[in-house]
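Engineer: got a structure for you, letters missing:
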């Protein structure tokens, strides 16, 4: 090793798990958009804009055992969580504004925008929540 900090495996497992969630989420939305042909709405694009960099940043940080990733990954995850939360409120009809698709595809409020009966905005919120929780566990393990 050339001066890279080495963390005990127990300490970096939450970071690697957060990367796994971000990577799986990124691959899932690419599959939904590119393979299934469902055009994302504007809020879906914003969530992607926060999730895609997380997959790269968290992967590099987990590989390099980089402790300095927390502020950057945390900020991306919090902003993505906020967009996903608003998206879910729109989807549920709590905020009375229609969700407009950005292309010729279906709106995110349609029946086809669910996997296993779970709406995509809820899945996105869950992914960002899980990433934030794993980052908090990682931060606590660094302090111990």
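Structural biologist: Looks like it came in fine. Computed from a predicted model, the values in this text were never measured in an experiment.
Engineer: And stretch 113-126, what's buried?
Structural biologist: Residues of stretch 113-126 classed as buried: 113, 119, 120, 121, 122, 123, 124, 125, 126 (neighbour count, 16 or more other C-beta atoms under 10 Å). All C-beta spots, glycine's among them, are computed from the backbone N, C-alpha and C.
Engineer: Just give me the closest of those to residue 11.
Structural biologist: When these are ranked by distance to residue 11 (C-beta to C-beta), residue 126 comes first, at 24.6 Å.
Engineer: any idea which element that closest one lies in?
Structural biologist: Following DSSP states H and E, one finds residue 126 within helix 120-143.
Engineer: any idea how far residue 117 is from residue 36?
Structural biologist: In this structure, residue 36 and residue 117 are separated by 16 Å, where distance is defined by C-beta to C-beta, to the nearest Å.
Engineer: and the worst-scoring helix or strand of the chain on mean pLDDT, which strands flank it?
Structural biologist: Sorted by mean pLDDT, DSSP states H and E, the helices and strands of the chain end with strand 114-115, the least confident at a mean of 76. Paired neighbours of strand 114-115 in the sheet (DSSP bridges): strand 118-119 (antiparallel).
Engineer: quick one: average pLDDT of the strand it pairs with?
Structural biologist: When the per-residue pLDDT values of strand 118-119 are averaged, the result is 86.
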